[in-house]
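Peer 1: no FASTA, just this:
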Ligand SMILES: [Mg+2]
């Protein structure tokens, strides 16, 4: 791949850089190659549960030094979205974990509720919550039916753990959607609300200079295509080469590789398949 035309590389984390807590071969060398070529590297995950500083620590453990300003989670992007759209004293009900509460607090929002509330509520934010229950669902339903705006951090149906799949934030979002008969505004991939906020932050308008590299077709690749930037898929996560070959041509990524280093050093998709 010709790296001189790329200014910004957006890397998905799980399946591209790490798997669980294990570094993926070729990832750190790939990141170094990008940086040596003066490509700004940032990290993006739909996982809403962790504060960004925790992800910085996780990456540091495997030898990747990154500033908290270069890590974007669906929770932080939700906070950035609300920073533009909401007032700091708006009342916000959260179905979610530490990541969402922390990022909203950091952004200056003061009226946050996550177990109960007194009406009115201006925003209901829904993400992954391992303590989700009927009562929280009822609170969210009542708030939305009373006019609160409904925001989903992400809609991943499942969530990978070391012991296999568990329900993801999307399963909880669906429950709220059905109970409230309202569609949420979705911040994370494959929607591009969050990606646009990132491009604004780095003042990048020419999408030709941007590549989005991930391991999932239905989130990473679709988001990149919708945004209109260059796209790359690594086979070090969930997608197989077979699945890439079956995609119709307009959906195929611009680049792919066994891992990040392979993708960056390899030829483009059309040459290799
Ligand atoms: Mg991934």
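Peer 2: Yep, it's here. This one's a predicted model, so the numbers in the text were calculated from it and none came from an experiment. Residues are numbered from 1 along each chain as shown.
Peer 1: Only C-alpha atoms from now on, for both contacts and neighbour counts.
Peer 2: Noted.
Peer 1: Do you know the pLDDT at the residue located most distally from the centre of the chain?
Peer 2: Taking CA atoms, centre = their mean, the residue of the chain most remote from its mean C-alpha position is residue 118, at 31.2 Å. At residue 118, the model reports a pLDDT of 94.
Peer 1: let's have the chain start at 847 instead
Peer 2: Will do, 847 is the new start, and the previous item becomes residue 964.
Peer 1: How about the secondary structure of it?
Peer 2: Local secondary structure at residue 964 is given as coil here, using DSSP: H, G, I helix; E, B strand; the rest coil.
Peer 1: mind listing what it touches?
Peer 2: Neighbour list for residue 964: empty [criterion: CA atoms under 8 Å, 6 or more residues apart in numbering].
Peer 1: For the ion, see how far away it is.
Peer 2: Here the criterion is CA to the ion, to the nearest Å. By it, residue 964 lies 38 Å from the ion.
Peer 1: Need phi/psi at the residue in the stretch 897-1046 of the chain positioned nearest to the ion.
Peer 2: The ion sits closest to residue 1006 of the stretch 897-1046 of the chain, with a gap of 9.8 Å, by CA to the ion. Here the main-chain torsion angles of residue 1006 (degrees, to the nearest 10) amount to phi -80, psi 130.
Peer 1: On the three-state scheme, the closest residue to it other than its chain neighbours is what?
Peer 2: Distances taken as CA to CA, 6 or more residues apart in numbering put residue 1012 closest to residue 1006, at 6.5 Å, once the chain neighbours are dropped. Assigned with three-state DSSP, residue 1012 falls in the strand class.
Peer 1: Name the residues linked to residue 1012 by a beta bridge.
Peer 2: Using DSSP bridges, the bridge partners assigned to residue 1012 are residue 1005.
Peer 1: Go ahead and confirm it touches residue 1004.
Peer 2: Yes: with contact taken as CA atoms under 8 Å, residue 1012 and residue 1004 are classed as touching, separated by 5.8 Å.
Peer 1: quick one: secondary structure of residue 1058?
Peer 2: Per three-state DSSP, the secondary structure class of residue 1058 is strand.
Peer 1: residue ranges with poor pLDDT in this protein?
Peer 2: Judged by pLDDT under 70, the chain has its weakly predicted residues at 1112-1119.
Peer 1: what does it have sitting close to the ion?
Peer 2: 860-861, 1061 (CA under 5 Å from the ion).
Peer 1: where's the residue of the stretch 847-996 of the chain at minimum distance from the ion relative to residue 1049, distance?
Peer 2: When distances are taken as CA to the ion, the stretch 847-996 of the chain reaches nearest to the ion at residue 860, 4.1 Å away. In this structure, residue 860 lies at 26 Å from residue 1049, with CA to CA, to the nearest Å as the measure.
Peer 1: Repeat that for residue 1035.
Peer 2: On the measure of CA to CA, residue 1035 and residue 1049 end up 20 Å apart.
Peer 1: Who has more neighbours out of those two?
Peer 2: residue 1035 (24 against 9; other CA atoms under 10 Å).
Peer 1: Where does that one sit: helix, strand or coil?
Peer 2: In terms of secondary structure, residue 1035 is coil; the call rests on three-state DSSP.
Peer 1: Now do the helices in this structure.
Peer 2: Remark: helices assigned in the chain by DSSP state H are 873-882, 898-907, 920-931, 944-952, 980-991, 1015-1026, 1039-1047, 1068-1073, 1087-1092, 1106-1111, 1115-1118.
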